[in-house]
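**Q** the sequence isn't on hand, but the structure is:
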């Protein structure tokens, strides 16, 4: 083991006391926190008891270094309880010297040695002498408020006449079995009043008298523990049996001979309080610092020699005063040896066994490690003390060249970054809820903006509490757009899935659409063939064929979702299936496609034109899918369609040398679920079809690097995401991940050690393990809490999130200078004259019914709209079926509000009466003309 100094930023300040001919100097460190050793390399894979044994071994080695301190140097470990539930812990040095300079030099030298603690605690030097004095004397102990833990003596009666002593006596060692201090520390921190536990050690050579006594007594008990023949007083020989009492006592001396050879510590364990101490607490201290042996005593194994302790209290005012002075000065003292005095009274004086008094004051390195126990966070906590994670000893030396993104900092100082040029290698961010993965994404988004890298975020869950809305409150994100997919009242989005990207062929786009449907809906045989046939028929009905390539003038030629539903219905009906088979296929094909039109995403997908994808790819965008509702399949489909639209654009317009574009995909498992072998029936069959299709798409994403496109997948669980989705990623950021199988799956792709995999289970919020192509090994970083920093800068408790009104204003501003928006917001060609596009669509659709249509067209069974009689009665009928217009929306132009509403009702009624799937090109032109005529007629009326 290598001992590493804690490298305090400055030397501790000395507290000095000057006597007549001596100078005393004290310095101290505060133990600011314990280190969570369950996360340390070499510990993470161990059980708690194995960690304890290993940590005690490291602390024993540290204590062994303290044996080298000069004589008269005292070191102390002190726990002070001042506030309810809390403990303060300190390491203190006391040096005694003839002069002031010698005392200062000795104290600083000893303090340097004291600071070489194992990586179990963090030290902070006390920089004020008054602080040191307050630690030495935190209160005045009262009568009954002092107790010490002494070594216990063991006595036995001799049974052999040649014993030559009236009693056998031994000093029991302290227990060396590794024991946890949690119960003791918890009792200290919950004590109703202040108290302190102090453990002092003073190194020095073992006194020669002690060594000589041990050798003599060991020889005595070795002789008495064996049978012997001796001459009888009446003649002949007499056999004396082995003395059982000697056999009991002998192991203690053999053990002591091994322990106390060259150097040892003089010790003191003191519990002090300004109020009387309860006996139970004193007993708990003794049982903790000297735990009983875990095995039957074995004379060949010194670790199993019976151990014990004695709880002692001052018996007189003189003893109390002596102990109180020793507690506040760390002055070694001797008191309370009456039991040993009585036991030695029968010995001839001076007795060689008087050295037992000195032996009783000594501990060796291993005993001292049981007493001088630095706080241990074996499982991430220590009662009453703060806990921090261990230092990451893997340091990042080389930084990426060129523009880079800061991923986080090691130990709060060393930056860990990734080059912007490496972004197209893709990334994966994982962590349990609250671990900080969205904070990491926000941190990256801000830096992407500062480097001029456009990005898009797809957030399927949150809406008004969406953390990404925070970006819209920052001045550098003035051009950020947040689309509320499925919620047209805020910032509507339009995407016609059947609009072929410029330069692409119809057949390639059909394949891409089919892949989206397969991945979102989990199409099982024969559904993929039915969907493909319906897609081909949909384009053919518009005069478009497989080899046709999209051009700039094709905007009005593309089919819409409703036409695909009609084609799919016909394909299913023409199969000739009946009964349950027909019902299953019909439900999985036609009904599901119809649900797209009728559901929340109907207005988004059932439109004639898409927004200009190229314009969106050049600015920061956020897609909120919460408006779609809790429909994972529809959310997955929209996400895949957005990705497909983006891919179609950048494959025609981007090259690998261009500035990257980054797509951040939250809840990645919704789009790229993991394949799980199942029974091949029901949900399992559908889910596996979905997963297999998603894996094929994920494999295709890996190729997009050549177009400088980057994907960042974000999820809570690795095990839910398709292998090919996260295995293609270069950058991996693992926040707290509780599930062992998740840590193992991703850890294998990050080259994590077994210890690092364990560490990932205990990461705190905003901490992460990071790996990418320029890091030889995964490293631990802390990611800046960007929203907390922003909130502090604003003087607020929490950083704000943009409200719906703010997003509507942004959308309106963008719409005013982007002409393609108005075109896309017109879901049908008939919407041309409308000035409030899709403001009334849902209301109009709810108004229009079969009865409404019959009322509106009751006098027009022959389809003649041009008769004066029909037009004369039309406005009253339309007003009757339409009802009052919905209230105006703040921020919109009220001019023509009622006219546009009633024209919208007519448009939907006309489509109900004359289904568009039956229209020819002439019929479509007629429908546009009819709505325009109605709009003109209404505009000339009183509601205009």
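**A** Yes, it's here. All values reported here derive from a predicted model rather than from experimental measurement.
**Q** ok, residue 345 - how many residues close by?
**A** Residue 345: 11 surrounding residues under other Cβ atoms under 10 Å. C-beta: built from backbone N, CA, C; applies to glycine.
**Q** specify the local secondary structure of it.
**A** coil (DSSP: H, G, I helix; E, B strand; the rest coil).
**Q** distance between stretch 253-262 and the chain's centre?
**A** 50 Å (Cα atoms, centre = their mean, to the nearest Å).
**Q** what does it contact?
**A** Residues outside stretch 253-262 that contact it (Cβ atoms under 8 Å, 6 or more residues apart in numbering): 170-171, 173, 205-206, 210-211, 214-215, 217-218, 221, 299, 302, 305, 359, 362, 364, 366-367.
**Q** which stretches of the stretch 651-800 of the chain form helices?
**A** 682-702, 723-727, 740-750, 754-759, 786-794 (DSSP state H, counting those that start in this stretch).
**Q** may I see the buried residues of the third one?
**A** In this case it means helix 740-750. 742-743, 745-747, 749-750 (16 or more other Cβ atoms under 10 Å).
**Q** do the fourth one as well
**A** If you call a residue buried by 16+ other Cβ under 10 Å, then helix 754-759 has these buried ones: 755-759.
**Q** got a markdown table for those residues, with pLDDT and distance to residue 885 too?
**A** Output for these, formatted as a markdown table (pLDDT from 0 to 100; distance: Cβ to Cβ, whole Å):
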| residue | pLDDT | distance to residue 885 |
| --- | --- | --- |
| 755 | 74 | 67 |
| 756 | 80 | 63 |
| 757 | 82 | 62 |
| 758 | 78 | 64 |
| 759 | 80 | 62 |
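**Q** how is the chain divided into domains?
**A** Here the domain parsing of the chain from automatic domain parsing is 15-388, 828-939.
**Q** any idea how far the longest one is from the chain center?
**A** For domain 15-388, the separation from the chain centroid amounts to 41 Å (computed by Cα atoms, centre = their mean).
**Q** ends of that domain, what's the gap?
**A** 29 Å (Cα to Cα, to the nearest Å).
**Q** likewise for the last one?
**A** By Cα to Cα, the extent of domain 828-939 from end to end equals 20 Å.
**Q** avg pLDDT for it?
**A** Domain 828-939 shows a mean pLDDT of 78.
**Q** then the longest one?
**A** Confidence over domain 15-388 (mean pLDDT, whole number) is 90.
**Q** what's the closest non-adjacent residue to residue 718?
**A** Nearest residue to residue 718, sequence neighbours excluded (Cβ to Cβ, 6 or more residues apart in numbering): residue 742, at 4.1 Å.
**Q** residue 364 now?
**A** residue 259 (4.2 Å).
**Q** repeat that for residue 749.
**A** Nearest non-adjacent residue to residue 749 (Cβ to Cβ, 6+ apart): residue 727, at 5.9 Å.
**Q** highest mean neighbour count out of the domains of the chain?
**A** Neighbour counts (mean count of other Cβ atoms under 10 Å) averaged over each of those peak at domain 15-388, with a mean of 18.
**Q** show me where the stretch 151-300 of the chain has strands.
**A** 153-156, 168-171, 195-205, 228-231, 237-240, 263-272 (DSSP state E, counting those that start in this stretch).
**Q** summarise which helices and strands the fourth one is packed against.
**A** Counting by 3 or more Cβ pairs under 8 Å, 6 or more residues apart in numbering; DSSP states H and E, the packing neighbours recorded for strand 228-231 are strand 237-240.
**Q** partner strands of the strand it packs on and their direction?
**A** strand 228-231 (antiparallel) (DSSP bridges).
**Q** so which of the helices of the stretch 651-800 of the chain gets nearest residue 640?
**A** helix 682-702 (7.0 Å; Cβ to Cβ).
**Q** where is the longest strand in the chain?
**A** strand 23-35 (DSSP state E).
**Q** ok, it: who's next to it in the sheet?
**A** With DSSP bridges as the test, strand 23-35 pairs up with strand 15-18 (antiparallel), strand 88-97 (antiparallel), strand 121-125 (antiparallel), strand 387-388 (parallel).
**Q** identify the residues contacting the third one?
**A** Outside strand 121-125, the residues that touch it by Cβ under 8 Å, 6+ apart are 6, 8-13, 27-35, 89, 91, 111, 115, 117, 374-375, 388.
**Q** tell me the helix or strand right after that strand.
**A** Downstream of strand 121-125, the first helix or strand assigned by DSSP states H and E is helix 129-136.
**Q** for that next one, packing partners?
**A** strand 15-18, strand 23-35, strand 88-97.
**Q** tell me the first helix or strand C-terminal of that helix.
**A** strand 146-150.
**Q** so what touches that following strand?
**A** Residues contacting strand 146-150 (Cβ under 8 Å, 6+ apart): 268-273, 277, 282, 285-286, 289-290, 309-314, 320, 323-324, 327, 336, 360.
**Q** how about a cut-off of 6 Å?
**A** 269-272, 277, 282, 285-286, 289, 309-310, 312-314, 323 (Cβ atoms under 6 Å, 6 or more residues apart in numbering).
**Q** quick one: it to strand 263-272, angle?
**A** 150 degrees (axes from the mean of the first three to the mean of the last three Cα atoms, to 10 degrees).
**Q** tilt between strand 146-150 and strand 195-205?
**A** 40 degrees.
**Q** what lines up beside strand 146-150 in the sheet?
**A** Assessed with DSSP bridges, strand 146-150 is paired to strand 263-272 (antiparallel), strand 310-312 (antiparallel).
**Q** mind checking the SS state of residue 801?
**A** Look at residue 801: counting by three-state DSSP, its state is coil.
**Q** kindly provide the distance from the closest residue to it other than its chain neighbours to residue 787.
**A** Of all residues not flanking residue 801 in the chain, residue 469 sits nearest, at 4.2 Å (Cβ to Cβ, 6+ apart). Separation of residue 469 from residue 787 (Cβ to Cβ, to the nearest Å) stands at 11 Å.
**Q** ditto for residue 816
**A** 31 Å.
**Q** same question, residue 377
**A** 29 Å.
**Q** residue 249 now?
**A** With Cβ to Cβ as the criterion, residue 249 and residue 787 are 69 Å apart.
**Q** can you tell me which residues contact residue 582?
**A** Contacts of residue 582 (Cβ under 6 Å, 6+ apart): none.
**Q** secondary structure element for it?
**A** helix 579-586.
**Q** pull out the buried positions in that helix.
**A** In helix 579-586, counting by 16+ other Cβ under 10 Å, buried: 585-586.
**Q** quick check: residue 59 is in a helix.
**A** Yes: judged by three-state DSSP, residue 59 forms part of a helix.
**Q** brilliant, that's me finished.
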